[in-house]
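> Fold the following and give me the result.
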Amino acid sequence: MTKNKISVKNRYTGKVIIEGEFESIKELLEKNRESNLSWCDLSRCDLFRSDLYGCNLSGCNLSWCNLSMSNLSWCDLSRCDLFRSDLSGCNLSWCNLSGCDLSGCDLSGCDLSGANLSGSKIKISQQENLIKSLGIIVEEEK
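So this is what the prediction gives:
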């Protein structure tokens, strides 16, 4: 596969955080997990099956991303915009999702054990998948 010059910038200041020759944005992120990637615009990226364990992606725009089947455990995703992203089958265990916009995300089959979801936004239609992902069993009242 050919390599392309790819740069990731802070979405507010325009400052380049990472720049280099990579096959894809997925490769750039996986090879720079230790970098502070907060406040980047990564919207509409295809990050299917990415291993981003422990990344600092706080405040990033990750809306409309395909993050399905990815490992995002122990990531800081606080204040991220994840609107309409595909998080199906993701490992989000011990992830900081506080203050995130999860509206319209596909949360089916994701692991949210130990995740911090305080202040996160979801739609009413997502509550069933969220409850299942948290491992909560809801029973009828007797």
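> if I look at the closest residue to Ser50 other than its chain neighbours, how far off is Glu27?
With sequence-adjacent residues excluded and distances taken as C-beta to C-beta, 6 or more residues apart in numbering, Ser50 is closest to Ser70, at 4.3 Å. To be clear about C-beta, it is placed using only N, CA and C from the backbone, and glycine gets the same treatment. When C-beta to C-beta, to the nearest Å is applied, the distance between Ser70 and Glu27 equals 14 Å.
> Name the residues that touch the helix or strand bottoming out on mean pLDDT in the chain?
Of all the helices and strands that make up the chain, helix 127-133 has the lowest average by mean pLDDT, DSSP states H and E, namely a mean of 86. If you take C-beta atoms under 8 Å, 6 or more residues apart in numbering as the criterion, helix 127-133 is touched by 106-112, 122, 138.
> hang on, the earlier thing: so who does the residue nearest to Ser50 touch?
Contacts were defined as C-beta under 8 Å, 6+ apart; by that measure Ser70 touches 47-52, 90-91.
> Turn the buried ones among those residues into a named ChimeraX selection, would you?
In ChimeraX syntax, the buried subset of the contacts of Ser70 is picked out as below (16 or more other C-beta atoms under 10 Å):
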select :47,50,51,52,90,91
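> Many thanks, we can stop here.
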